[in-house]
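# no FASTA, just this:
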Ligand SMILES: C[S@@+](CC[C@H](N)C(=O)[O-])C[C@H]1O[C@@H](n2cnc3c(N)ncnc32)[C@H](O)[C@@H]1O
């Protein structure tokens, strides 16, 4: 999504060093690779083992590429180990779930396809959504639905989940959860399944998505080379708000007492904003309605 726009925003140099922190199916990564010369370098990261299998198949024989299975929050340690912190020319984050994750019923992300209630991006570790819903209390479930899904009927849904569990049949599949939510809330938001917000909330919570985003944004300050670019594509308002606030805060001078003749380093801006937020074109939205919510924001590390 926003492929041309994001890759253009990275202003890829043939001999530059780029990181795609969210490989997915590798669409962006391939577009970056095509712009690299023999001295360029590209690191590919994804926490999904299926994405990494695809990365190995398509990029594994390319000496310019390093493939890492894990969270992009591990990038800082990885870069420090390899002695390249502060040398990255472009970091791309295309956040959220990938189309294959949504389309494959067995991953448990979609209320449209019945499958086990899993929702882990990294299926090699962590607890599944079914396990969490089988043990969390109604207060915690309600808080997650409200905080990460901005769900108005969070308490009602949480109580229905716990009631069902107490009756001896905890929700085990995406279809069961979607039905339970549809029955628990009044019909609303035409064209949107009533479970949309809850599924989003549980996924964000289980995968620690906002915590990971907050960490990588902070880490990016020390990872990028002077004039290195940070390009982030968000899919929902919680992510986009975090990216917007971060980029704004780091690109403006903190409050400087007027009697100071020189601005202390700690108050100097770290980034400058590059262009305005970019949304998907009408053509892209027509071809892929999910692109409607995507927003790209770009910032450049100041020397
Ligand atoms: C929207 S898709 C990326 C699509 C990709 N740009 C492409 O062209 O195919 C998001 C991907 O990011 C991965 N992901 C999300 N959060 C992550 C994190 N904290 N660390 C590593 N990968 C993450 C997901 O597993 C998913 O494969």
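Cool, the structure landed. On a predicted model such as this, the values are computed, not experimentally measured, just so you know.

# which ones are touching the residue of the stretch 151-300 of the chain at minimum distance from the ligand?
Using Cβ to the nearest ligand atom, residue 212 is the residue of the stretch 151-300 of the chain that sits closest to the ligand, at 3.9 Å. The way it works is simple: take the backbone N, C-alpha and C, and place the C-beta from them, glycine included. Counting by Cβ atoms under 8 Å, 6 or more residues apart in numbering, residue 212 touches 71-73.

# hmm, try it at 6 Å
By Cβ atoms under 6 Å, 6 or more residues apart in numbering, residue 212 lies in contact with 71, 73.

# which parts of whichever strand or helix holds it are buried?
Residue 212 belongs to helix 209-223 when assigned by DSSP states H and E. Within helix 209-223, the residues scored as buried using 16 or more other Cβ atoms under 10 Å are 209-210, 212-213, 215-217, 219-220, 223.

# Skip ahead from it and say which helix or strand is next.
Counting by DSSP H and E, the next helix or strand C-terminal to helix 209-223 is strand 224-234.

# Whatever helix or strand comes next after that following strand vs strand 224-234, what angle?
Proceeding N to C from strand 224-234, the next assigned helix or strand is helix 237-250, under DSSP H and E. Counting by axes from the mean of the first three to the mean of the last three Cα atoms, to 10 degrees, helix 237-250 points 150 degrees away from the direction of strand 224-234.

# For helix 237-250, name the packing helices and strands.
Packed against helix 237-250 by the contact rule (3 or more Cβ pairs under 6 Å, 6 or more residues apart in numbering; DSSP states H and E) you find strand 224-234, strand 295-301.

# okay, the ones you listed in TSV with mean pLDDT, mean neighbour count and distance to the ligand next?
As requested, the helices and strands packed on helix 237-250 are arranged in TSV below (pLDDT from 0 to 100; neighbours: other Cβ atoms under 10 Å; distance: least, Cβ to the nearest ligand atom, whole Å):
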stretch	mean pLDDT	mean neighbour count	distance to the ligand
strand 224-234	98	23	7
strand 295-301	98	23	11
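
# Tell me the spacing between the residue of the stretch 151-300 of the chain closest to the ligand and residue 54.
For residue 212, the distance to residue 54 equals 21 Å [Cβ to Cβ, to the nearest Å].

# Could you tell me how many residues sit around residue 183?
10 (other Cβ atoms under 10 Å).

# The nearest residue to it once chain neighbours are set aside is in what secondary structure piece?
Excluding its sequence neighbours, the residue lying closest to residue 183 (Cβ to Cβ, 6 or more residues apart in numbering) is residue 160, at 7.4 Å. According to DSSP H and E, residue 160 maps onto helix 154-166.

# just the angle between the next helix or strand after that helix and helix 154-166, please?
As assigned by DSSP H and E, the chain's next helix or strand after helix 154-166 is helix 174-184. Between the axes of helix 174-184 and helix 154-166, defined by the same axes, to 10 degrees, the angle is 120 degrees.
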